[in-house]
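Chemist: curious how this folds, go ahead:
(one chain, ligands or ions: 1)
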Amino acid sequence: MNFIKIAGSILLLITLQTRAQNNSPLVVKADQIKATIQPTMWGIFFEDINFGADGGIYAELIKNRSFEFARPKMGWKVLGKPATEGDFLVINRGNENTNNPRFLRVALHNNAPRSIGLSNEGFRGMGIKKDNRYDFSMLVHCKGDGVKLLLELVNSKDEVIGKQNLLVNTTGDEWKKVSTSFLSTATVANGKFNIWFEGDGEIDVDMISLFPADTWKNRPGGMRADMVQLLADMKPGFIRFPGGCIVEGFDLTRRYQWKKTIGPIEERQLIINRWNTEFANRQAPDYFQTFGLGFFEYFQLAEDVGAEPLPILNCGMACQFNSGEVAPLNQLDPYIQDALDLIEFANGPVTSQWGKVRADMGHAQPFNLKMMGVGNENWGPQYVERLQLFMKAIKSKYPEFKIVSSSGTDPDGGRFNYLNTELRKMKTDFVDEHYYRSPEWFLSNAARYDNYERSSTKIFAGEYAAHVDWDTPGIRRNNWLSALSEAAFMTGLERNADVVEMASYAPLFAHVDGWQWAPDLIWANNLTSYGSPNYQVQKMFSLNKGTHVVPLLQNNSPVSGKDSLYATACIDKKNGELVLKFVNVSGNSVIKDILLEGIKKVPATATQVVLSAPLNTVNSFEHTAAVVPVEKSIMLKSRKVTLQLIPYSFTIYRIKML
Ligand code: AHR
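Modeler: Model prediction:
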C-alpha cells in the first residue's frame, strides 16, 4: 500500500538523518525581530463541498424544501394512497416567480387523519435531539375550508418522536407563511419528517422548512452550533468563502453569484452544487446550493468568530477543468460590478444602494471588508487580462482595498511560473498558492519561502492539505502522518511571515455519509462533529500565533528538516511570551539543547503543549480525542534548555518574557 510506502520512506529519511545528528545547539534570539506576523496569518477556507453548507453547517433539516431540485420530488415520499392521478402535483409558475418557480399542489378529498401525507428524508437522514425544539414553517396557499396538518418527527422505525397539529386556513390569493414549534422526545441520527393532510380542497405548499432551535447564537434559520463552535475555537484570522471551484462553476451560468444569495430565503435562487456529479465514485445527485447560508450569513459568521472576511469572486471564467468558458472582455462589466457592489454591500453607508440592503437584513454597521480574491484556480493569459480589468476598477474606487489573485492549481510548473511573473509585474497584493501534495512534498518544501522573492506581493497559501495515498479512504486520509507533515510545512510559513501573510487548510467540512473529497479539516455526522488531527495542528498554530517572528537557528541556518526537525520561533508582544514550535517527524526522540538568547530573565517554568501519535492514528466519531494536544508546565533551570521531542510530535513551548 502507498501509505506504508510513504510512512516507510519518511522513516528511511529519518533514520538517515538521525545517524548524522548534528549536536550544535539551537539558538533563539528573542530580541531580534525578523518579521511581523499578520493577525490574518492562520485562517479558514469554507466551501460548500462534502455537504459542508446544505446538509452540514446550515441547519435546515428538510432536503429540497422548495421542490427546485432537478427531480422536483427528490427527498420526498408520498404517504398513503392518493385518490386520483395528480393529487400531488408539481406546478411550475415560470415567469411569475423565476427564483423559486415550483411548488407542490396537494388535492384532498375529505381525507381522514393520517390518510395522506408527505415525508422528507433529510439530507442523510435528520439528526434530532431529545428535548430540543424544532421550528417548522411553510409557505401556503389554500382553497377550501382549511386543512388540518399533523406534523411528525419519526425515527428510522417510523415511531413518532415529536408532533404538532397546525390548522391552515388561509384566504385570498396571497401566499402566507405558517409556522409552529414542537419538542422532540428522543435523540436519533436518522430521523424523518412527516406532514399529514386532513380535510377537503386544495393546499399549495412551498419552502417547507424545519430547523432546530439550538443553532449558533440561537439564530432562527441559522447554523449548527457544534460546527461553528469548532471554527470559533480556532480563533481564525480570516474566512475565505465561498470556495474553491464553487466560485467558478461548471459553466458560467452555474458560477457563484453573491447577489443571488442575500435577502429573503424564498427569493434565493437555488443552483445545482458543482460537486453533485463531479466525481464518478462519489456522486451526490441530491446536492444543491440553497444559499440559506449566503453572503450576509457569511459576513456575520466572520464577525462572530473575529475573522476578516475574504470573499473570492468569479472573474468571468468558469472552471478550466470543466467547460472552461470565459465571458468576453467587452462583457465583463457585470462581473466587475458584482465585485464593486459586494464592497458596497459590506462597507457602504446605509444610504448607499447595497449598504441599505445590508442594513435591511439587520446589520446597519459595516462589515469592514478589506480584501477580495478575483478568481479561483484560474490560469493563463485569459486570466491575466481579466484580472487587470478587475484591479483597475477596484483600485481606482478603493485604492487601499487588497486584491488576491490566483496562481492556478499547482504551486510549480509552467502555468504557475507564468502567473507568478505576470502577477508580480502587476503588483497584485496577494498570490493565492494551492498545494494538495504528498506528506513528503510538505516535508521537502518546508523551506519553500526561506529564499522566496520578497516584494510587495505577498503569499496567501489559500488551499493546502497533505494527501496520503488514494487507497486510504474517507476519514482515514486525515491521519497523523498528514497532519504532522503539514505542521512541519507550517513552521516554514510562520518563519517567513514577511512573505506569507495568510494560510488556510482545505477543504473545511465533510459529512461522513456525503463527502466527495477527503481529507478534510472537520468531520460531521447528523448530530456531532469533531476536528481531525489536521484541525488540531491548525488550531495550535492559530492559538499560538504570536506577533513577530524571531530567529531560531542551528549553525546560523533555519531549522528545516535536519535531524528530522522543523522549528520556528516568535514572540507574542500582547502576552509577553516567547513561543517556540518544534516538529519532530522521526520515530525517535530528538534531544536538543536550545539557548534562549535575548530575554532578560529565564522564568522558572514554561508551558509545553504536545500533539503526538502513531502516524496512522485518526480522530473519529468514536474517538474524537485520539490526537489532541496535551498541555503541562515544565521547569526551566537556565538559559540552556534541553528539549526532548518525542517521536512524531508537534510541540509548542510558551515562555514568559519577564
Ligand atoms: O478544496 C477542494 C477544491 O480543491 C477546491 O474547490 C479547489 O479550489 C481545489 O481544486
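
Chemist: need the residues of the protein near the ligand, please.
Modeler: Residues of the chain lying near the ligand by Cβ under 6 Å from any ligand atom: 47, 49, 243-245, 376-377, 409, 463, 506-507, 517. In this view, the C-beta of every residue, glycine as well, is placed from N, C-alpha and C.

Chemist: do you know the pLDDT at the closest residue to Gly474 other than its chain neighbours?
Modeler: Taking Cβ to Cβ, 6 or more residues apart in numbering as the measure, Gly474 lies nearest to Ala518, with 5.3 Å between them; neighbours along the chain are not counted. We note a pLDDT of 97 for Ala518 in this prediction.

Chemist: work out for me the element Ala518 sits within.
Modeler: For Ala518, there is no helix or strand it lies in under DSSP states H and E.

Chemist: hmm, back to that, among the residues of the chain next to the ligand, which are located in helices?
Modeler: Among these, the members found in helices (DSSP state H) are Cys245.

Chemist: just to revisit the earlier point, and the residue nearest to Gly474, how far from Gln289?
Modeler: Applying Cβ to Cβ, to the nearest Å, one obtains 21 Å for the distance of Ala518 from Gln289.

Chemist: ditto for Gln257
Modeler: Distance of Gln257 to Gln289, computed by Cβ to Cβ: 11 Å.

Chemist: the two: which is more packed in?
Modeler: More neighbours sit around Gln289 than around the other of Gln257 and Gln289, counting by other Cβ atoms under 10 Å; the figures are 26 against 20.

Chemist: now do that one, the pLDDT please.
Modeler: Listed pLDDT for Gln289 reads 98.

Chemist: hmm, back to that, the residue nearest to Gly474 contacts Arg477, doesn't it?
Modeler: Yes - taking contact to mean Cβ atoms under 8 Å, the distance of 4.4 Å between Ala518 and Arg477 places them in contact.

Chemist: for the two, indicate the residue with more neighbours.
Modeler: When neighbours are counted by other Cβ under 10 Å, Ala518 and Arg477 differ, and Arg477 comes out ahead with 26 against 22.

Chemist: backbone phi and psi for Leu387, please?
Modeler: phi -60, psi -40 (degrees, to the nearest 10).

Chemist: what pLDDT does the residue nearest to Asn169 when sequence neighbours are not counted get?
Modeler: The shortest distance from Asn169 to any residue that is not its chain neighbour, by Cβ to Cβ, 6+ apart, is 3.5 Å, and that residue is Gly146. Reading off the confidence values, Gly146 has pLDDT 88.

Chemist: can you pull the contacts of Gly146?
Modeler: With contacts defined as Cβ atoms under 8 Å, 6 or more residues apart in numbering, the neighbours of Gly146 are 167-169, 199, 201.

Chemist: what is the burial count for the nearest residue to Gly244 once chain neighbours are set aside?
Modeler: Leaving aside its chain neighbours, Gly244 sits nearest to Glu47 (3.4 Å; criterion: Cβ to Cβ, 6+ apart). In terms of burial, Glu47 registers 26 neighbours under the definition other Cβ under 10 Å.

Chemist: Glu47 touches Pro507, doesn't it?
Modeler: Yes - judged on Cβ under 8 Å, Glu47 makes contact with Pro507 at a distance of 5.6 Å.

Chemist: quickly list what's touching both of the two.
Modeler: Gly244.

Chemist: per-residue confidence averaged over stretch 186-197?
Modeler: Predicted confidence along stretch 186-197 averages 98 (mean pLDDT).

Chemist: nearest to the ligand among the contacts of Gly146?
Modeler: Relative to the ligand, the closest of these is Val168; by Cβ to the nearest ligand atom it sits at 42.1 Å.

Chemist: look up which residues are beta-bridged to that closest one.
Modeler: The residues listed as beta-bridge partners of Val168 by DSSP bridges are Val147.

Chemist: how about the strands of the stretch 201-350 of the chain, start to end?
Modeler: 238-241, 271-272, 288-289, 308-313 (DSSP state E, counting those that start in this stretch).

Chemist: avg pLDDT for the last one?
Modeler: Translated: strand 308-313. Mean per-residue pLDDT for strand 308-313: 98.

Chemist: cool, the first one as well?
Modeler: For strand 238-241, mean pLDDT is 98.

Chemist: check which helices and strands it is in contact with.
Modeler: Using 3 or more Cβ pairs under 8 Å, 6 or more residues apart in numbering; DSSP states H and E as the contact criterion, the neighbours of strand 238-241 among helices and strands are strand 42-45, helix 295-304, strand 308-313, strand 500-505.

Chemist: got TSV for those, with mean neighbour count too?
Modeler: Formatted as TSV, the entries for the helices and strands packed on strand 238-241 read as follows, by neighbours: other Cβ atoms under 10 Å:
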stretch	mean neighbour count
strand 42-45	26
helix 295-304	22
strand 308-313	24
strand 500-505	25
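
Chemist: which stretch among the ones you listed comes nearest Arg437?
Modeler: Closest to Arg437 of the helices and strands packed on strand 238-241 is strand 500-505 (Cβ to Cβ; 13.0 Å).

Chemist: partner strands of that closest one and their direction?
Modeler: According to DSSP bridges, strand 500-505 has these partners: strand 42-45 (parallel), strand 458-466 (parallel).

Chemist: residue contacts, the residue of the stretch 151-300 of the chain found nearest the ligand?
Modeler: When scored by Cβ to the nearest ligand atom, the stretch 151-300 of the chain has Gly244 as its residue closest to the ligand, at 3.1 Å. Going by Cβ under 8 Å, 6+ apart, Gly244 touches 45, 47, 49, 312, 376, 463, 506-507.

Chemist: now these in CSV, with distance to Thr642?
Modeler: Formatted as CSV, these follow (distance: Cβ to Cβ, whole Å):
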residue, distance to Thr642
Phe45, 39
Glu47, 44
Ile49, 45
Ile312, 46
Asn376, 47
Glu463, 39
Ala506, 38
Pro507, 40
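
Chemist: quick one: Asn111 from Met138, how far?
Modeler: Using Cβ to Cβ, one gets 18 Å for the distance from Asn111 to Met138.

Chemist: could you do Arg358 as well?
Modeler: Relative to Met138, Arg358 is positioned 28 Å away (criterion: Cβ to Cβ).

Chemist: repeat for Trp275
Modeler: As for Trp275, its distance to Met138 is 28 Å (criterion: Cβ to Cβ).

Chemist: which one of those two has more residues nearby?
Modeler: Between Trp275 and Met138, counted using other Cβ under 10 Å, the more crowded position is Trp275 (27 against 24).

Chemist: wait, doesn't that one sit right on Ala284?
Modeler: Yes - proximity of Trp275 to Ala284 meets the contact threshold set by Cβ under 8 Å, at 6.6 Å.

Chemist: save the strands paired with strand 500-505 as TSV, and put in mean pLDDT and distance to Pro647 too.
Modeler: Formatted as TSV, the entries for the strands paired with strand 500-505 read as follows, by pLDDT from 0 to 100; distance: least, Cβ to Cβ, whole Å:
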stretch	mean pLDDT	distance to Pro647
strand 42-45	98	26
strand 458-466	98	18
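
Chemist: now those strands as CSV including distance to Gln382?
Modeler: Converted to CSV, these look like this (distance: least, Cβ to Cβ, whole Å):
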stretch, distance to Gln382
strand 42-45, 24
strand 458-466, 20
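
Chemist: so which of those strands is nearest Gly598?
Modeler: Put simply, out of these the one that sits nearest Gly598 is strand 42-45, at 24.8 Å, with distance taken as Cβ to Cβ.
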